[in-house]
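[1] coords below, sequence missing:
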């Protein structure tokens, strides 16, 4: 293992959430407004930055469509759709992005860590489901920081655990890039080929200092130092 630390965001990076978190936004908005929003509209907001929190984005979209639902009401409906009753939640539609062997090889060269805006229970559920044999240390979730992304709190906390080691942060949003900039951490962007606003996202990530923008993390080995 090298002295470097490779830090991953989860949603859109380690995990394809197009049918989980993104679909939960759409179903939540539809529940309150009876109108369906497009994946492209959701991505438009994400590309602006400032919309890392899917509860806040859902509430904004509900209000934009003329419904005065309260924030806590929106959160409650969102969580019911996302988690379900343990057997039908959209969290079960998530797909792991890394092909077999990629993270294992990276783990021999770098210490692996996670900085995500997810709740800890939701983050650990998916990591244990898909990658129980991969060591991510530390795993920093929304409960662990005073200020969410784009604030650098999570990255600074990880840096404090490994003083003197270089960090790379791998993320898929403007807020991830801004967090890395604020922390003085190298940033590698992810813009999936299926993203409805991919071109705009690539430009935004590059404008915020991305060293490279990849289609997925299976391309990471080619752009990281040997």
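    Thanks, I have it. Bear in mind the structure is a predicted one, so any value in this text is a computation, not a measurement.
[2] can you count the residues close to residue 81?
    22 (other C-beta atoms under 10 Å). From N, CA and C alone the C-beta is placed, and that goes for glycine too.
[3] I'd assumed residue 30 was in contact with it.
    No. Contact between residue 81 and residue 30 fails when scored by C-beta atoms under 8 Å: they sit 9.9 Å apart.
[4] residues shared between the contacts of the two?
    Both residue 81 and residue 30 lack any common contact, where contact means C-beta atoms under 8 Å, 6 or more residues apart in numbering.
[5] what about the closest residue to residue 74 other than its chain neighbours, distance to residue 78?
    Nearest residue to residue 74 in three dimensions, chain neighbours excluded: residue 59, at 4.5 Å (C-beta to C-beta, 6 or more residues apart in numbering). Distance of residue 59 to residue 78, given as C-beta to C-beta, to the nearest Å: 9 Å.
[6] Please apply the same query to residue 220.
    Residue 220 is 31 Å from residue 78, where distance means C-beta to C-beta.
[7] And for residue 214?
    When distance is defined by C-beta to C-beta, residue 214 is 29 Å away from residue 78.
[8] So these two - more neighbours on which side?
    Ranked by neighbour count (other C-beta under 10 Å), residue 214 and residue 78 place residue 78 first, with 23 against 20.
[9] in terms of contact, does the more buried one touch residue 28 like I think?
    Yes. Contact criterion C-beta under 8 Å: residue 78 and residue 28 qualify, at 4.7 Å.
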